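Participant: Structure of the sequence below:
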Amino acid sequence: MAEACCPASCGELLQGWLLGGEKLISCPINWFSCVSVSEGTPIRHERQRMRQMVNLLLDYWQIPLKFSAALRIEYQSAIPLAKGMASSTADIAATAHATAKLLGKSLNSETLAQLCVKLEPTDSTIFEQLTLFDHLTAQTQIPFDWQPDVDILLLESPQIILTEKFHQQDHRSQLLDNASLLQQAWEKFRAANQQHDNYRLGEACTLSAIANQSILPKPCFEQLRDLVEQAGIYGLNVAHSGSVVGLLFNSHHHDADYLHWWLHQKKMTEHYPQIHHVKLIAGGNITLP
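Facilitator: From the prediction side, this is the model:
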């Protein structure tokens, strides 16, 4: 048996029209999908995309497809579905790493990215570093060497958004309308990376979130921006094709209790009934303690 774990994402740090097409930088957090692959009889209720990834890998390594029927895929995931949290990307990436380990094969992130986008739009949580990524073609992969130390209050809405269906809609005109705003966000993100500046990072994320309001608006968005200003936290980010919002802060420098108090005082929990304290982490194939 071989195991692998890959992280969820609290939406995206950036997403929009950049460098001639839509790109994103995911926001990997410390929630995971963990997958084990072993020789054995397949379980009855496996996730379809996991099996599809196994079959893609067998084809890539020129192993007869009939071998798939002798592989058992089991999983545990704490990632909410259809909220813009990269649950499916985590599933298929963990499946790929576990399958490679079982078969004694090597699998780098560039190859994994090419395989993943054959199945669905893919989050850049598959990379160890924060990465600007073309989630539709995998042709753009620009990594950053900075790992920000950022806490996130993840505001979970009950709203369900199917990512695949969302990407079937044509948002090109709205993306182009917001391209200049995304360019500003991109420049701030690169400056944040060079200077290791969490406030610049927050400004970049907030600009990207503002641009996304014309495509997939988040409830109480302006009030949440007011909270960012009042509390002096870094900024906020959103799931650009989902329903979660993240408040970006540092628990050593900012008052998390105040954030919770404000959210309840302003009745934000009517729109975001579940609030989780998570951490921005490195992506890729994670070894859990």
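
Participant: When you work out contacts or count neighbours from here on, use the C-alpha atoms and nothing else.
Facilitator: Will do.

Participant: per-domain residue ranges of the chain.
Facilitator: Per the record, the chain has its domains at 2-143, 150-280, by the TED database.

Participant: Now the shortest one: average pLDDT?
Facilitator: Just to be clear, that refers to domain 150-280. Mean per-residue pLDDT for domain 150-280: 95.

Participant: Show me how far it is from its chain's centre.
Facilitator: Remark: domain 150-280 is offset 13 Å from the chain centroid, using Cα atoms, centre = their mean, to the nearest Å.

Participant: which of the domains of the chain is buried the deepest?
Facilitator: Of all the domains of the chain, domain 2-143 has the most neighbours on average by mean count of other Cα atoms under 10 Å, namely a mean of 20.

Participant: which one of the domains of the chain lies closest to P289?
Facilitator: domain 2-143 (11.3 Å; Cα to Cα).

Participant: got the residue ranges for the strands in the chain?
Facilitator: Under the criterion DSSP state E, the chain contains strands at 2-18, 21-39, 71-77, 131-133, 141-143, 151-156, 235-238, 245-249, 274-279.

Participant: Turn the ones you listed into CSV, including distance to L102.
Facilitator: CSV is the format used below for these (distance: least, Cα to Cα, whole Å):
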stretch, distance to L102
strand 2-18, 5
strand 21-39, 7
strand 71-77, 10
strand 131-133, 27
strand 141-143, 27
strand 151-156, 35
strand 235-238, 36
strand 245-249, 36
strand 274-279, 30
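
Participant: quick one: the residue lying closest to P7 once chain neighbours are set aside and L288, what's the gap?
Facilitator: Nearest non-adjacent residue to P7, counting by Cα to Cα, 6 or more residues apart in numbering: F32, 4.3 Å away. Per Cα to Cα, to the nearest Å, F32 is found 9 Å from L288.

Participant: any common contacting residues for the two?
Facilitator: Residues touching both F32 and L288 by Cα atoms under 8 Å, 6 or more residues apart in numbering: C5.

Participant: Look at the residue nearest to P7 and report its pLDDT.
Facilitator: For F32, the predicted pLDDT is 98.

Participant: That one against M85, yeah?
Facilitator: No: if you go by Cα atoms under 8 Å, F32 and M85 don't touch, sitting 10.4 Å apart.

Participant: Mutual contacts of the two, please.
Facilitator: With Cα under 8 Å, 6+ apart as the test, F32 and M85 both reach A8, I79.

Participant: Break down this protein into its helices, ranges please.
Facilitator: Taking DSSP state H as the criterion, the chain carries its helices at 48-60, 87-103, 109-119, 163-168, 172-177, 179-195, 198-212, 221-231, 256-265.
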